[in-house]
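Engineer: prediction below, plus the sequence it came from.
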Amino acid sequence: DVKVTQSSRYLVKRTGEKVFLECVQDMDHENMFWYRQDPGLGLRLIYFSYDVKMKEKGDIPEGYSVSREKKERFSLILESASTNQTSMYLCASSFPSSAAYEQYFGPGTRLTVT
Amino acid sequence: RKEVEQDPGPFNVPEGATVAFNCTYSNSASQSFFWYRQDCRKEPKLLMSVYSSGNEDGRFTAQLNRASQYISLLIRDSKLSDSATYLCVVKTGNQFYFGTGTSLTVIP
C-alpha cells in the first residue's frame, strides 16, 4: 500500500519565519509534487521533481523553494512566510509519465501564517 | 484558458438518485484521465481512472470523449457516503491538472 507522509498536519508560523514542510513516500516513485489548495481555486502546483536533485517550477513558485536530496523525500521551503501563504499544502507522488499511473497524496499540512 | 474546467455545483440529490458530473480539458495531448474524491479536510484519493472505452466500477461509470475533450462521471443509486467533492484530473506529460472540484451532497 502506497504511503505518503507529511511532517505536520497543522502548523502555525509568524510572518517572516522560514518554514520547512517535509514529505516522504515509500513507493520508490520518481515524481513528487507540492500543491497548495485554497477554496474556490482548487489545487495549484507549486513545484515538482522528477528525479533526485531535479526540480521544475509549477504554476505558483513565487515565495517557495524545494529540495530533493533523496528519492523518497521532497521538502517545500517558505523562505519568509507571509499571510497569503496560509493554505492547505498537499504533497503527492507518482511514477513517471510513461505510464498512466495516478498520484498518491499525503494527508496535507494546514499552515496558518499570523 | 484553464487546463481543466468542471462545474463546481453544489449538487444536492436525494438518496438513490443518479447524478452526473462533467469536465472538459484544453490540451489535446493529455494522455491520462482520472476522477478523485476528496472528503472535507482530507486529501484527494483516486476514485477511478478513465479509459477511452469507458469503464465502470460498481455504481460509478466514467466516460472519456477525446474528440470533444470531455470526461464524465455517473453515480447511480447515490448513497449518503457519496457526499464529497469530486475532482477531475488530467495528466499531460509529467504534470497533473486538477479541476476545482464538484461538490456533492446526498440527502436522506
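Structural biologist: Arrived safely, thanks for sending. Predicted model only: the values in this text are computed from it and were never measured. Residues are numbered from 1 along each chain as shown, chains lettered A, B, ... in the order given.
Engineer: next, B:Phe21: secondary structure please.
Structural biologist: The three-state label given to B:Phe21 by DSSP: H, G, I helix; E, B strand; the rest coil is strand.
Engineer: which element follows the host helix or strand of A:Leu90 toward the C-terminus?
Structural biologist: Assigned by DSSP states H and E, A:Leu90 falls within strand A:87-94. Where DSSP H and E defines the elements, the next helix or strand beyond strand A:87-94 is strand A:104-105.
Engineer: please see if the strand holding A:Leu90 touches chain B.
Structural biologist: Yes. Counting by CB under 8 Å from any CB of the partner chain, chain B is contacted by strand A:87-94 at A:Leu90, A:Ala92, A:Ser94. Quick note: C-beta positions are derived from backbone N, CA and C, even for glycine.
Engineer: in which helix or strand does A:Leu45 reside?
Structural biologist: strand A:42-49.
Engineer: that strand - what's its average pLDDT?
Structural biologist: Within the predicted structure, the mean pLDDT of strand A:42-49 is 93.
Engineer: for stretch A:8-16, same thing?
Structural biologist: 96.
Engineer: is chain B within reach of it?
Structural biologist: No. If you take CB under 8 Å from any CB as the test, stretch A:8-16 misses chain B, and the best it gets is 9.9 Å.
Engineer: that stretch: end-to-end distance?
Structural biologist: 19 Å (CA to CA, to the nearest Å).
Engineer: who does the spatially most central residue of chain A bridge with?
Structural biologist: Chain A has A:Trp34 as the residue nearest its centroid, 2.6 Å off, counting by CA atoms, centre = their mean. Here A:Trp34 sits in beta bridges with A:Tyr47, A:Cys91, going by DSSP bridges.
Engineer: fine by me, thanks again.
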